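K.L.:
Any chance you can model this:
(chains A, B, C and D)
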2 protein chains.
Amino acid sequence: MNETESTAQSGDEVLRLDRQLCFPLYAASNMLTRAYRPLLEELGLTYPQYLVLLVLWERAPRMVGEIGHQLFLDTGTLTPLLKRMETAGLVTRQRDPEDERRVIVSLTDKGSTLREAAREIPLKIASSPKLTLCEAENLHETVWKLIRGLNGQA
Amino acid sequence: MNETESTAQSGDEVLRLDRQLCFPLYAASNMLTRAYRPLLEELGLTYPQYLVLLVLWERAPRMVGEIGHQLFLDTGTLTPLLKRMETAGLVTRQRDPEDERRVIVSLTDKGSTLREAAREIPLKIASSPKLTLCEAENLHETVWKLIRGLNGQA
DNA sequence: CGATATTATATTGCGCGCAATCTAATATCG
DNA sequence: CGATATTAGATTGCGCGCAATATAATATCG
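P.N.:
Here you go, the predicted structure:
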């Protein structure tokens, strides 16, 4: 039995790809980002930029750290991302005069207005029926439980 | 009512972050990759490299395209990734003499042997109880249904 | 058999994610 | 008040993901 030829028959099924929980989450996340891409492209956005706008549309202005806390992203990701959004005219970034360590991220008119166009997006994504409403709600709830578990132990 | 100040009270709840299905999948995927990182680091692997090994441990050698098909990744991702794995001595890459377009990816002894060490990983990841077995099975099933839905319409 | 189409992989360029490190501002404590 | 610690962001470097494009080999069709 040559290890480099065919190595599937042994008993360690824990390593089978179709047994992994992480892999379908990874694949689904990639595929959903791919599904959003053409819709977001029309708005000149990437998926993480769209997430930042979702946060800001709920409440603005915000500190960089608040955005990162909501999206589970750190400044190494957010700082360059926000700079690109600033260049695109969607947000402004300015140091807080009260505490010069902080950076206030505000929506520009352009960034605010984009919300109207973005409203179509969740509908379009959901339109191709992939899951029943019940399945989707269940999935939502369970993945959030997983997130809280992963975040709690960190 | 200033659009740039506070914009949460309007009726388009579809854009609320906590209503999104995609976002928890995105966040959970990032967090799981983070959880794997310290374990995989000991083996000198990244998470996608680990996935490639999972595929090869089930059956090797494999064409690049087969690996990509299983992992939903294209050659733009896989070619450089496989080159890094080749440099690390985990796999070999050689053109198929039968059809010079194809590249055969084989496991080296080092790549095969790593499997023993990798066996510990799923256990360690699952050890911190985040979901019940039932929830995990449910999640697995539903996410796969989502993947099939997303893949079918593509 | 030669032109055209298809297939398999490679390359380029850009935007993440994130660990590690750095910088500067505020907070704390003797 | 001055030294030390903490906090908020920025920077660096590397490895993905992937669209778009390129290249080369095989298949197909007239």
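
K.L.:
So for the residue nearest to residue A:16 when sequence neighbours are not counted, what's the pLDDT?
P.N.:
Nearest residue to residue A:16, sequence neighbours excluded (CB to CB, 6 or more residues apart in numbering or on different chains): residue B:58, at 6.6 Å. Quick note: C-beta positions are derived from backbone N, CA and C, even for glycine. Per-residue pLDDT puts residue B:58 at 97.

K.L.:
what does residue A:148 give?
P.N.:
The model reports residue A:148 with a pLDDT of 89.

K.L.:
Send over the helix or strand hosting it as PDB, restricted to the C-alpha atoms.
P.N.:
Per DSSP states H and E: residue A:148 is located in helix A:133-152. What follows is helix A:133-152, C-alpha atoms only, in PDB (Å, rounded to 0.1, in the frame of the first residue of the first chain):
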ATOM      1  CA  LEU A 133     -37.400  30.700   4.800                       C
ATOM      2  CA  CYS A 134     -37.300  28.300   7.700                       C
ATOM      3  CA  GLU A 135     -34.000  26.900   6.700                       C
ATOM      4  CA  ALA A 136     -32.500  30.300   6.300                       C
ATOM      5  CA  GLU A 137     -33.700  31.400   9.700                       C
ATOM      6  CA  ASN A 138     -32.400  28.300  11.200                       C
ATOM      7  CA  LEU A 139     -29.000  28.700   9.500                       C
ATOM      8  CA  HIS A 140     -28.900  32.300  10.600                       C
ATOM      9  CA  GLU A 141     -29.500  31.400  14.200                       C
ATOM     10  CA  THR A 142     -27.000  28.500  14.300                       C
ATOM     11  CA  VAL A 143     -24.200  30.300  12.600                       C
ATOM     12  CA  TRP A 144     -24.700  33.200  15.100                       C
ATOM     13  CA  LYS A 145     -24.500  30.800  17.900                       C
ATOM     14  CA  LEU A 146     -21.200  29.400  16.400                       C
ATOM     15  CA  ILE A 147     -19.900  33.000  16.100                       C
ATOM     16  CA  ARG A 148     -20.600  33.700  19.700                       C
ATOM     17  CA  GLY A 149     -19.000  30.500  20.700                       C
ATOM     18  CA  LEU A 150     -15.900  31.300  18.700                       C
ATOM     19  CA  ASN A 151     -15.700  34.800  19.900                       C
ATOM     20  CA  GLY A 152     -16.300  33.900  23.500                       C
END
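
K.L.:
buried residues in the host helix or strand of residue A:86?
P.N.:
Taking DSSP H and E as the criterion, residue A:86 maps to helix A:75-87. Using 16 or more other CB atoms under 10 Å in any protein chain shown as the test for burial, helix A:75-87 gives A:78, A:81-82, A:85-86.

K.L.:
out of these, which touch DNA strand C?
P.N.:
residue A:81 (CB under 7 Å from any atom of the strand).

K.L.:
In JSON lines: the buried residues of helix A:75-87, plus pLDDT.
P.N.:
Formatted as JSON lines, the buried residues of helix A:75-87 follow (pLDDT from 0 to 100):
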{"residue": "A:78", "pLDDT": "98"}
{"residue": "A:81", "pLDDT": "98"}
{"residue": "A:82", "pLDDT": "98"}
{"residue": "A:85", "pLDDT": "98"}
{"residue": "A:86", "pLDDT": "98"}
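
K.L.:
Please list the residues of chain A that sit near DNA strand D.
P.N.:
A:26, A:30-31, A:33-34, A:37, A:63-65, A:68, A:75-76, A:78-80, A:82, A:93, A:99, A:101-103.

K.L.:
Buried ones among those residues?
P.N.:
Buried residues within those, counting neighbours by 16+ other CB under 10 Å: A:26, A:30-31, A:33, A:64, A:68, A:78, A:82, A:103.

K.L.:
farthest-separated two in these?
P.N.:
Maximum pairwise distance in these, criterion CB to CB, is 33.3 Å, between A:31 and A:103.

K.L.:
in chain A, which residue is closest to the centre?
P.N.:
residue A:48 (5.2 Å; CA atoms, centre = their mean).

K.L.:
part of a helix, is it?
P.N.:
Yes - under DSSP: H, G, I helix; E, B strand; the rest coil, residue A:48 falls within a helix.

K.L.:
which residues does it contact?
P.N.:
Residue A:48 makes contact with A:71, A:73, A:77, A:81, according to CB atoms under 8 Å, 6 or more residues apart in numbering or on different chains.

K.L.:
Same list, those, but as TSV with distance to chain B please.
P.N.:
Formatted as TSV, the entries for these read as follows, by distance: CB to the nearest CB, whole Å:
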residue	distance to chain B
A:71	7
A:73	8
A:77	10
A:81	14
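
K.L.:
before we move on, the earlier item: I'd like the distance between the residue nearest to the centre of chain A and residue A:73.
P.N.:
Separation of residue A:48 from residue A:73 (CB to CB, to the nearest Å): 7 Å.

K.L.:
list the helices and strands the helix holding residue A:86 packs on?
P.N.:
Packing partners of helix A:75-87 (3 or more CB pairs under 8 Å, 6 or more residues apart in numbering or on different chains; DSSP states H and E): helix A:47-58, helix A:64-71, strand A:91-95.
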